[in-house]
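Visitor: Need the 3D shape of this:
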Amino acid sequence: MADQFKDKVAIVTGGASGIGRALCEALSQRGARVIVADIDTEGAQRVALAITTAGGRAREAHLDVAKGEDVRRLVGDTASEYRRLDYMFNNAGLAVSRGEVRDLTVEHWHRVIDVNLLGVLYGTIAAYSLMVQQGFGHIVNTASLAGLVGFPTSIPYGVSKCALVGLSIPLRLEAADLGVKVSVVCPGEIRTNQRHTFGLVGAEQAAEIILRGVAKNQAIIVFPLYARILWRLNRLCPKLLFPLGRKIVRDFRAKHHS
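Guide: Coordinates of the predicted model:
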């Protein structure tokens, strides 16, 4: 894996925290030049400084992925500076926020779609145009298990992530003969603290899994194990997950509408 990423140029959106930060660190450890892009400029600066202090190569970039022109500018500036763009990790997104559709406003839908869908779409379009011209590159879009099996009580989030799967897989087919690779990442819940939680993985382990999948050019990178099991069950017999979905809804209502 080290040879594949060594001296390559990678943009990681949402790079200031979580899986994005872990991807930036893991890529730099493998010798890649990393652009840590995030709307949180100070956070991106901290990540880039930590990487360079450790001997890696990174710089920060302020980026609001919901602004298409800013995304196009970052991709163009990166290509001008390094004469190439090897990897575009469209990782930035809003976290899950819970609520039933009956209680949501149109503004809530716009907020989620603007970042989780359009933000990734802007990055994909900008990187794809460049990569087709140069004849190589790999676009990696971060979706979610919710994009494969749905997520009652957080339907806008699931819809946005489902759309990313619908974007990435057919684009992979169009891109194959043009030298460009496309993968979509569909993680389940990620452990956000150091406490061990059965079945979950932390951001650092998630980044390692993602990079292994990217190195193998996997179309859909699903993890951890429980996420792969749920995905396969849903593909084989969707009605098997219906009781689980109903339980999620009832537990949510008991907590928020009692």
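
Visitor: I'd like the next helix or strand past the strand or helix carrying residue 125.
Guide: Residue 125 is located in helix 119-134, with elements delineated by DSSP states H and E. Downstream of helix 119-134, the first helix or strand assigned by DSSP H and E is strand 137-142.

Visitor: Against which helices or strands is that next one packed?
Guide: strand 87-90, helix 119-134, helix 155-175, strand 180-187, helix 203-215 (3 or more CB pairs under 8 Å, 6 or more residues apart in numbering; DSSP states H and E). C-beta here means a position set from N, CA and C on the backbone, and glycine is covered the same way.

Visitor: any idea of the angle the fourth one forms with strand 137-142?
Guide: This means strand 180-187. 20 degrees (axes from the mean of the first three to the mean of the last three CA atoms, to 10 degrees).

Visitor: any idea how far residue 180 is from residue 217?
Guide: Spatial separation of residue 217 from residue 180 under the definition CB to CB, to the nearest Å is 11 Å.

Visitor: likewise residue 257?
Guide: Where residue 180 is concerned, residue 257 sits at a distance of 47 Å (CB to CB).

Visitor: And residue 255, by the same measure?
Guide: 45 Å.

Visitor: Outside of the host helix or strand of residue 250 itself, list whatever touches it.
Guide: Using DSSP H and E, residue 250 falls within helix 242-256. Helix 242-256 has contacts (CB atoms under 8 Å, 6 or more residues apart in numbering) with 98, 100, 150, 152, 153.

Visitor: Quick check: of the residues you listed, which lies closest to residue 168?
Guide: residue 150 (17.5 Å; CB to CB).

Visitor: on that earlier part again, more crowded one of residue 257 and residue 180?
Guide: Neighbours of residue 257 and residue 180, each counted by other CB atoms under 10 Å, are more numerous for residue 180; the result is 22 against 8.

Visitor: quick one, what contacts the more buried one?
Guide: 128, 131, 132, 136, 137, 138, 139.

Visitor: mind putting those residues in TSV, neighbour count included?
Guide: Output for the contacts of residue 180, formatted as TSV (neighbours: other CB atoms under 10 Å):
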residue	neighbour count
128	20
131	26
132	15
136	13
137	24
138	22
139	27
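
Visitor: Now tabulate these in CSV and tack on distance to residue 32.
Guide: What follows is the contacts of residue 180, written out as CSV (distance: CB to CB, whole Å):
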residue, distance to residue 32
128, 20
131, 16
132, 21
136, 15
137, 13
138, 12
139, 15
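
Visitor: now, which of those residues sits nearest residue 225?
Guide: Using CB to CB, the contacts of residue 180 come closest to residue 225 at residue 138, 25.1 Å.

Visitor: Report the separation between that closest one and residue 22.
Guide: With CB to CB as the criterion, residue 138 and residue 22 are 18 Å apart.

Visitor: quick one: low-confidence parts of the protein?
Guide: For the chain, applying pLDDT under 70 flags the ranges 1-2, 192-199, 258.

Visitor: what do you get if the cut-off is 50, keeping everything else the same?
Guide: Counting by pLDDT under 50, the low-confidence segments of the chain come to 1-2.

Visitor: can you pull the contacts of the most centrally placed residue in it?
Guide: Closest residue to the average C-alpha location of the chain: residue 142 at 2.1 Å, with CA atoms, centre = their mean. Going by CB under 8 Å, 6+ apart, residue 142 touches 14, 19, 89, 90, 91, 93, 120, 164, 184, 185, 187.

Visitor: I'd say the last one and residue 144 touch.
Guide: This means residue 187. Yes: the pair residue 187 and residue 144 qualifies as a contact (CB atoms under 8 Å) at a distance of 6.5 Å.

Visitor: Looking at the two, which is more packed in?
Guide: A count of neighbours by other CB under 10 Å puts residue 144 above the other of residue 187 and residue 144, at 27 against 22.

Visitor: That one: what's it in contact with?
Guide: Residue 144 neighbours (CB under 8 Å, 6+ apart): 151, 157, 158, 161, 186, 187, 188.
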